[in-house]
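A.B. asks: Can you look at this prediction? I've put the sequence above it.
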Amino acid sequence: MKTQTKSRTTKRVLPIIIFSQFCCTSIWFAGNSVIEDLIAVYNLNPQSLGYLSASVQFGFIVGTLIFAILTLSDRFSPSKIFFTCALLGAGFNLGMLYSHNTISTLLCFRFLTGFSLAGIYPVGMKIAADHFKKGLGKSVSFLVAALVLGTAFPHFIKSLGLNFDWKIVVWTTSIMALIGGLLIFMFVKNGPYQKLASKFEITKIIKIFKNNAFRAAAFGYFGHMWELYAFWTFLPVLLISYCTFHNIIINVYLLIFTIIASGAIACVLSGIGFKIYGIKKTAMVALCTSGLCCLLSPLFFIINSSILFIAFLIIWGMAVIADSPLFSTMVAQNSNSKSKGTALTIVNCIGFAITIVSIQLINLLIAVEISIQYVFLILAIGPAVGLIYLRKT
């Protein structure tokens, strides 16, 4: 009887975690979706997109580093951490509405938003790991799918063309983050597989990287991250440049939503597919496909067929994120129960630090007037490195 109750509780918990993750991660790219309005209202430089995106990433990196060093999610209730960070993130996201904003204050608010997300995304996966032992890969795939939809959602709001004031996008994403945090706090208790660490161990970070299988999964994830957020960040620039180059008119924001959101489907499929083909092989296929898309991007850019170009970007949008839940699952599976939260957090920390480098590198290439059709070639380095490390195991 107790086992049946536990099973029902577990089944109820997953949809709540997924929906909460979706709601809370909507604040991640909220600034990107209203960047044109921010530039106009606060008189910003057109290159502010790269800086504001990197600021969120930098905040996430600092946050995850502090969380990992202090081993917070392994020593305290992850549900309470999630709620607190969702509340803070919602507030900092609203900072974009401050009437006297400058580039400095906006960078600060986006940094703090990213810092808050450090207690949402990896902690959400820790909560899932505490509730699921069997079927962890499938659960994580749904969580990453929720992150993808949350990332794409602000673009969807913008694409509706209902003459929304840009402030409504900011308010909507902040309210969603608050709702997500409340749902976790009220309905998701500590999981049956949770084992809280009894003391603070700063050496835990070093110890987890001594595991060869963990290290291969981590470096595969790092290669994946080199490509992912740079692709997402500069997707609007790529689409607008394509429309200008071929003199066509399309709903750019709807396409951005479609391309990014298609990755949610890919995450679910990879969560199912790895049971058939194996987790490592499935991850390698995704890395190969996204790396190939990087290399083929100049060719598809010059082809004067919007249907073919959009289809190519949808395939890329699926491949670029499909391996993310697989790497997170491998990281969790190759960590002991008392280090799972720290392992997921430090891998996220390093992975997102890498995204700043790739985002700023592309920003620099665009600034020195390298054609947008060629700048994505540099992203192929990530999948190549990931494949090298995966082949070692």
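C.D. replies: In hand now; what should we look at? Worth saying up front: this structure is predicted, and the values here are computed from it rather than measured.

A.B. asks: Pretty sure Val62 sits against Leu112.
C.D. replies: No - using Cβ atoms under 8 Å, Val62 is not in contact with Leu112; the gap is 9.9 Å. The C-beta positions use only the backbone N, C-alpha and C, and glycine is treated the same way.

A.B. asks: pLDDT weak spots in the stretch 151-300 of the chain?
C.D. replies: 162-164, 191-205 (pLDDT under 70).

A.B. asks: That one: helices as residue ranges?
C.D. replies: With DSSP state H, counting those that start in this stretch as the criterion, the stretch 151-300 of the chain has helices at 166-187, 204-208, 212-246, 252-277, 279-302.

A.B. asks: Out of these, which gets nearest to Arg12?
C.D. replies: Evaluated over these, closeness to Arg12 peaks at helix 166-187, with 7.8 Å, by Cβ to Cβ.

A.B. asks: List the buried residues for the closest one?
C.D. replies: Residues of helix 166-187 classed as buried: 166, 169-174, 176-178, 180-181, 183-185 (neighbour count, 16 or more other Cβ atoms under 10 Å).

A.B. asks: can you list the helices of the stretch 151-300 of the chain in CSV and add distance to Thr355?
C.D. replies: Putting the helices of the stretch 151-300 of the chain into CSV (distance: least, Cβ to Cβ, whole Å) gives the following:
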stretch, distance to Thr355
helix 166-187, 20
helix 204-208, 20
helix 212-246, 4
helix 252-277, 15
helix 279-302, 15
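
A.B. asks: Tell me which helix or strand the closest residue to Leu287 other than its chain neighbours sits in.
C.D. replies: Excluding its sequence neighbours, the residue lying closest to Leu287 (Cβ to Cβ, 6 or more residues apart in numbering) is Pro383, at 4.3 Å. Taking DSSP states H and E as the criterion, Pro383 maps to helix 381-391.

A.B. asks: what about that helix, distance to the chain center?
C.D. replies: 19 Å (Cα atoms, centre = their mean, to the nearest Å).

A.B. asks: can you check stretch 58-73 too?
C.D. replies: 16 Å.

A.B. asks: before we move on, back to that, more neighbours: which of Val62 and Leu112?
C.D. replies: Each of Val62 and Leu112 has its neighbours counted (other Cβ atoms under 10 Å); Leu112 has more, 21 against 18.

A.B. asks: Quick check: that one vs Thr342, distance?
C.D. replies: 23 Å (Cβ to Cβ, to the nearest Å).

A.B. asks: Going by neighbour count, list what's buried in stretch 241-261.
C.D. replies: Those would be Ser241, Tyr242, Val252, Tyr253, Leu255, Ile256, Phe257, Thr258, Ile259, Ile260, Ala261, for stretch 241-261 by 16+ other Cβ under 10 Å.

A.B. asks: of the helices of the stretch 151-300 of the chain, which approaches Val368 most closely?
C.D. replies: Across the helices of the stretch 151-300 of the chain, closest to Val368 is helix 212-246 (Cβ to Cβ), at 14.7 Å.

A.B. asks: Can you list the buried residues in the closest one?
C.D. replies: Quick answer for helix 212-246 (16+ other Cβ under 10 Å): 214-239, 241-242.

A.B. asks: just stretch 60-69 next, same as before
C.D. replies: Phe60, Ile61, Val62, Gly63, Thr64, Leu65, Phe67, Ala68, Ile69.

A.B. asks: Pick out the most distant pair among those residues.
C.D. replies: Taking Cβ to Cβ as the measure, those span a maximum distance of 14.9 Å, between Phe60 and Ile69.

A.B. asks: Show the pLDDT at the residue most central in space within the chain.
C.D. replies: Centroid-nearest residue in the chain, with Cα atoms, centre = their mean: Leu147, separated by 5.9 Å. The confidence metric pLDDT takes the value 80 at Leu147.

A.B. asks: Against which helices or strands is the helix or strand hosting it packed?
C.D. replies: Using DSSP H and E, Leu147 sits within helix 136-159. Counting contacts by 3 or more Cβ pairs under 8 Å, 6 or more residues apart in numbering; DSSP states H and E, helix 136-159 packs against helix 2-25, helix 30-33, helix 121-131, helix 166-187, helix 252-277, helix 324-333.

A.B. asks: now it and helix 166-187, what's the angle there?
C.D. replies: For helix 136-159 against helix 166-187, the angle by axes from the mean of the first three to the mean of the last three Cα atoms, to 10 degrees is 150 degrees.

A.B. asks: so how far is helix 136-159 from its chain's centroid?
C.D. replies: Distance of helix 136-159 from the chain centroid (Cα atoms, centre = their mean) equals 8 Å.

A.B. asks: mind saving the C-alpha coords of it as PDB?
C.D. replies: Backbone C-alpha positions of helix 136-159 (Å, rounded to 0.1, in the frame of the first residue of the first chain) are rendered in PDB as follows:
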ATOM      1  CA  LEU A 136      15.700   9.500 -14.400                       C
ATOM      2  CA  GLY A 137      16.700  10.100 -18.100                       C
ATOM      3  CA  LYS A 138      13.100  10.400 -19.200                       C
ATOM      4  CA  SER A 139      12.300  12.800 -16.300                       C
ATOM      5  CA  VAL A 140      15.300  15.000 -17.100                       C
ATOM      6  CA  SER A 141      14.400  15.100 -20.800                       C
ATOM      7  CA  PHE A 142      11.000  16.500 -19.800                       C
ATOM      8  CA  LEU A 143      12.700  19.100 -17.500                       C
ATOM      9  CA  VAL A 144      15.100  20.300 -20.200                       C
ATOM     10  CA  ALA A 145      12.100  20.400 -22.700                       C
ATOM     11  CA  ALA A 146      10.400  22.700 -20.100                       C
ATOM     12  CA  LEU A 147      13.500  24.900 -20.100                       C
ATOM     13  CA  VAL A 148      13.500  25.100 -23.900                       C
ATOM     14  CA  LEU A 149       9.800  26.100 -23.900                       C
ATOM     15  CA  GLY A 150      10.400  28.600 -21.200                       C
ATOM     16  CA  THR A 151      13.200  30.100 -23.200                       C
ATOM     17  CA  ALA A 152      11.100  30.300 -26.400                       C
ATOM     18  CA  PHE A 153       7.900  31.600 -24.700                       C
ATOM     19  CA  PRO A 154       8.800  35.300 -24.600                       C
ATOM     20  CA  HIS A 155       9.400  35.200 -28.400                       C
ATOM     21  CA  PHE A 156       6.000  33.600 -28.800                       C
ATOM     22  CA  ILE A 157       4.300  36.400 -26.900                       C
ATOM     23  CA  LYS A 158       6.200  38.900 -29.100                       C
ATOM     24  CA  SER A 159       5.200  37.000 -32.300                       C
END
